[in-house]
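> One predicted model, sequence on top.
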Amino acid sequence: MSSAESKRGTKRKLAQDNPGSPSQEQGSSEVGADVKTLIQGIKAACAKPVEKIDRQALRKQAHQLADYCKTDDLVETIVHQGAVDAVVPLLVIADKADQQLQLGFSEVLKEACFILSLLAVKPEYQHQIASAQALPGLIKLLTAHNISTPPRPLPGTTADPAARSGSGGVARRAADAITNLAHENLEIKNMVRREGGIAPLVRLLSSWDMKVQRAGAGALRTLAFKNDDNKRQIVEAGALPLLIQMLRSEDSGVHYEAVGVIGNLVHSSTEIKKQVLTEGALQPVINLLSSPCQESQREAALLLGQFATQPPDDDGPDYKSRIVQRGAVPPLIRMLAQDDTALKEMAAFALGRLAQNTHNQAGIVQCGGLSQLLDLLESKHYNLQHNAAFALYGLSDNEDNIPCIISAGGMQRLSDCGERLQVQASKDCVNKTIARIRVKLEREDHRVLNHVVYSLRSSDRSVQQAVAVSLAQLAPVSQLKNIFVDKGGLDILLDLLQDKAATSSECGRVETLECQLLIAMGFVIDGL
């Protein structure tokens, strides 16, 4: 789910749960009449000289209209009654007032932004709101926010920034409105840039109010998605250092939005990815793998998978090595065991990219990643299956991992998962993994093969059985006598066939093993 979708869904839920919302039992005609009266009242107030406007009454009317906008079924009626044309002028209603009088309109401005934000949830009204010149007004409200003054603590509270109040409410609501207006709307994304909205949004990242930071980052995240011109302007406006600072925030909402913006900026842009890494994003992103926020963990894992492909710009190790050296593998492996499918998918994706480095391949197995990735082959989700299959293919490239894969029953699980894999690319990946293991076992120096054969001495019966079955499938013909006669492999297979329970639970169907045994015995006889 994209950041904008998540934000909009959460905002809608909060709006519907608001105890101030109008009663659902009101008749449609009564609601329509009430909405019409509110819109007429707002229009009448806007027509007055600013100093004669009853600000409290206007704020009450806007608040009541916002409550109606929280109900999806009423939005069409509200728009058709002329709400857009009535509310957009509220964004600039205080422009002609003196500074002291302008402060008295802040609650009205917040309600106006909130109304537009709720209406823009419906894609069919985004252009209508933009065409009514809402963007210049919203951007002006962003610019008016004072980012340099810490908000005052509320009476009776501590100095915790999360408990502070200040002038951030208007800017936050304005940024939220821009987020919803631009959601999946390329034309409006471009309009925001042309109207000069990106620099004021970047400026909000320096706000003392964390809610304002989150809202500004959320808007930039939406604007950067699949829009190269917006990406460039966001970077040129100096967003990267501020976003990287936000990655270190203790507030999960702040660092979630920050990592989301960076993810959208670097997507399909090698140059911006390089700039992000140069600015020092690597360690803060790795730290987010241990965030209490699973959405932040997921975004961080995705971003690390993208960082892993970046060529180094110095004489140091590649970024795959740097990511592992800085502690990314253990939390990524822990993520594989979580219940959230998307979280596991991104962790497997990142590990697959990191497993393109020889030393990382061994490190991932030694940290416990092998069994988790084998388990994911049995997932019902094809993206998760494929990411796990790709990561296992990478792990199989390291000769030191082959005994581990075989001892863990990996060969049987790779061979048996074909029917469960939903995508041909995943099946091809598994087949290539099996072929790669076979090639390593058939090397003339027998180094890998000897390490695997040595595992037949394990005190763990399940390891003995897994190794014997795998060697029956993969060992070179010239080595079958040595493995199954001289080293006792045949006795292990015979014991396995007699143990029906172990056979069915650990190594697949009895019939399959019987065939494997007969084939192995045939090879042994031929080799004698």
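Sure thing, it's come through.
> gap between T358 and I492?
For T358, the distance to I492 equals 32 Å [CB to CB, to the nearest Å]. Backbone N, C-alpha and C define where each C-beta goes, glycine included.
> The two: which is more packed in?
Set side by side, T358 and I492 show more neighbours around I492, with 20 against 15, by other CB atoms under 10 Å.
> which secondary structure elements does the strand or helix carrying the more buried one contact?
Applying DSSP states H and E as the criterion places I492 in helix 489-498. When contacts are defined as 3 or more CB pairs under 8 Å, 6 or more residues apart in numbering; DSSP states H and E, helix 489-498 sits against helix 461-474, helix 500-506, helix 510-527.
> per-stretch mean pLDDT over those helices, give me the minimum one.
When the helices and strands packed on helix 489-498 are ranked by mean pLDDT, helix 500-506 comes last with a mean of 50.
> related to what we said a few turns ago, pull out the buried positions in the helix holding I492.
Using 16 or more other CB atoms under 10 Å as the test for burial, helix 489-498 gives G489, L490, I492, L493, L496.
> now those residues in JSON lines, with distance to R59?
Output for the buried residues of helix 489-498, formatted as JSON lines (distance: CB to CB, whole Å):
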{"residue": "G489", "distance to R59": "83"}
{"residue": "L490", "distance to R59": "87"}
{"residue": "I492", "distance to R59": "81"}
{"residue": "L493", "distance to R59": "82"}
{"residue": "L496", "distance to R59": "79"}
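> which residues does the nearest residue to R353 once chain neighbours are set aside contact?
Nearest residue to R353, sequence neighbours excluded (CB to CB, 6 or more residues apart in numbering): A308, at 3.9 Å. By CB atoms under 8 Å, 6 or more residues apart in numbering, A308 lies in contact with Y319, K320, I323, A350, R353, L354, Q356.
> and the nearest residue to A466 once chain neighbours are set aside, how many neighbours?
Closest residue to A466 apart from its sequence neighbours, by CB to CB, 6+ apart: G409 at 4.2 Å. The number of residues packed near G409 is 22, by other CB under 10 Å.
> Do I have it right that G409 meets Q464?
No - using CB atoms under 8 Å, G409 makes no contact with Q464, being 11.3 Å away.
> Helix, strand or coil: sort out D313 for me.
Look at D313: counting by DSSP: H, G, I helix; E, B strand; the rest coil, its state is coil.
> least confident pick among the buried residues of helix 489-498?
Lowest confidence among these: L496, with 80.
> Apart from its neighbours in sequence, what residue is nearest it?
Residue nearest to L496 in three dimensions, not counting chain neighbours: Q465, with 4.9 Å by CB to CB, 6+ apart.
> how near is the one you found to L493?
For Q465 relative to L493 (CB to CB), the value is 8 Å.
> Count the neighbours of D339 for me.
Per other CB under 10 Å, the neighbour tally for D339 reads 7.
> Can I get whatever helix or strand I364 lives in as CSV, trimmed to CA atoms?
Secondary structure from DSSP H and E places I364 in helix 358-366. C-alpha atoms of helix 358-366 as CSV (Å, rounded to 0.1, in the frame of the first residue of the first chain):
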residue,chain,number,x,y,z
THR,A,358,30.0,-14.4,-1.7
HIS,A,359,30.7,-13.6,2.0
ASN,A,360,27.2,-12.3,2.6
GLN,A,361,25.9,-15.7,1.3
ALA,A,362,27.7,-17.5,4.1
GLY,A,363,26.8,-14.9,6.7
ILE,A,364,23.0,-15.1,5.9
VAL,A,365,23.1,-18.9,6.4
GLN,A,366,25.2,-18.7,9.6
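> That one: which residues count as buried?
The neighbour-count check on helix 358-366 (16+ other CB under 10 Å) flags N360, Q361, A362, G363, I364, V365 as buried.
> Let me see the contact set for S407.
For S407, the contacting residues are V452, S455, S458, V463, A466, V467, by CB under 8 Å, 6+ apart.
> tell me the mean pLDDT over stretch 262-279?
On average, stretch 262-279 scores 95.
> List the contacts of stretch 95-105.
Residues from elsewhere that reach stretch 95-105 (CB under 8 Å, 6+ apart): V50, E51, R55, I93, A94, K140.
> Counting neighbours, which of those end up buried?
V50, R55, I93, A94, K140.
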